[in-house]
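Peer 1: Test case, fold it:
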Amino acid sequence: METNNAFPQVARRRVTFFLLACLGAMLFAAVVYRVENPTIVQHEEKREMPGGGSMEKMGNMDGLSAMMKKLQDNPEDVEAMRSLGMSFMEMQAWDKALTFWDMVLERHADDVMALNQKGFCLFEMEQYAEAAGLFERMLGIEKENYHAHYNLGIIYKYYLEQLDKAASHFQAVIDASPDDSALVSNAQRELGGN
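Peer 2: So this is what the prediction gives:
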């Protein structure tokens with residue numbers, strides 16, 4: 001049997017080596033990026049939507065339209081506001097989600113979930129100081145909220161460059177020793193990296 005010598009074996013090896021080197025460089029760059037740009041955690045409560053549908057099922061436009069109609073019919077329906085806020089967050093439409101979290105907070109200024117979700121939206125919109133303000137406000141309501149502590153640690157360390165504040169928030173997560181070993185491990189790693 002005759003082989004095609006249009007692409008010699010040496011050239012094939014070189015191309016294969018080159019492609020493997022590129023793949024390795026991309027993997028290395030992704031790891032470096034993730035280490036240099038950590039993200040905050042988003043803590044959300046799983047809720048059933050009114051009418052029996054789950055939040056996961058609401059991602060379609062029919063569900064979104066139905067929730068908008070429900071809110072239009074009853075402008076004080078906080079659960080509809082929450083559902084719409086979560087739906088827009090799932091679509092990464094941060095500014096639209098922010099509208100609904102603001103609506104919830106107008107009615108319930110100390111709603112910890114709404115503060116957290118609004119803080120997450122602001123973080124994604126690169127409004128770090130405003131996001132930090134909301135997470136601080138959460139701690140005024142729930143001093144032991146380790147998600148707020150962790151998020152503040154990330155924001156202060158990487159985005160507002162206030163390392164002392166960051167360290168105290170990471171330490172608060174470790175001291176709380178929540179039943180979230182990954183979060184505690186991340187806080188320990190971040191504290192060790194100061």
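Peer 1: Pass me the low-pLDDT residue ranges in the chain, would you?
Peer 2: Residues of the chain that meet the criterion pLDDT under 70 lie in 1-7, 31-32, 34-36, 42-60, 194.
Peer 1: where along it do the helices fall?
Peer 2: 9-36, 61-73, 78-90, 94-107, 112-124, 128-141, 146-154, 163-176, 181-192 (DSSP state H).
Peer 1: what's the last one in contact with?
Peer 2: Okay, so that is helix 181-192. Outside helix 181-192, the residues within contact range by CB atoms under 8 Å, 6 or more residues apart in numbering are 38, 41, 146-147, 150, 153-154, 157, 166-167, 170-171, 173-174, 177-178. All C-beta spots, glycine's among them, are computed from the backbone N, C-alpha and C.
Peer 1: let's go with 10 Å and repeat that
Peer 2: 35, 38, 41, 43, 146-147, 149-150, 153-154, 157-158, 166-178, 180 (CB atoms under 10 Å, 6 or more residues apart in numbering).
Peer 1: Can I get the buried part of these as one PyMOL selection?
Peer 2: Per 16 or more other CB atoms under 10 Å, the buried members of those correspond to this PyMOL selection:
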select buried, resi 41+43+146+147+149+150+153+154+157+158+166+167+169+170+172+173+174+176+178+180
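Peer 1: does E136 really touch K143, like I thought?
Peer 2: No: counting by CB atoms under 10 Å, E136 does not reach K143; the two are 11.2 Å apart.
Peer 1: More neighbours: these two, which one.
Peer 2: Each of E136 and K143 has its neighbours counted (other CB atoms under 10 Å); E136 has more, 16 against 11.
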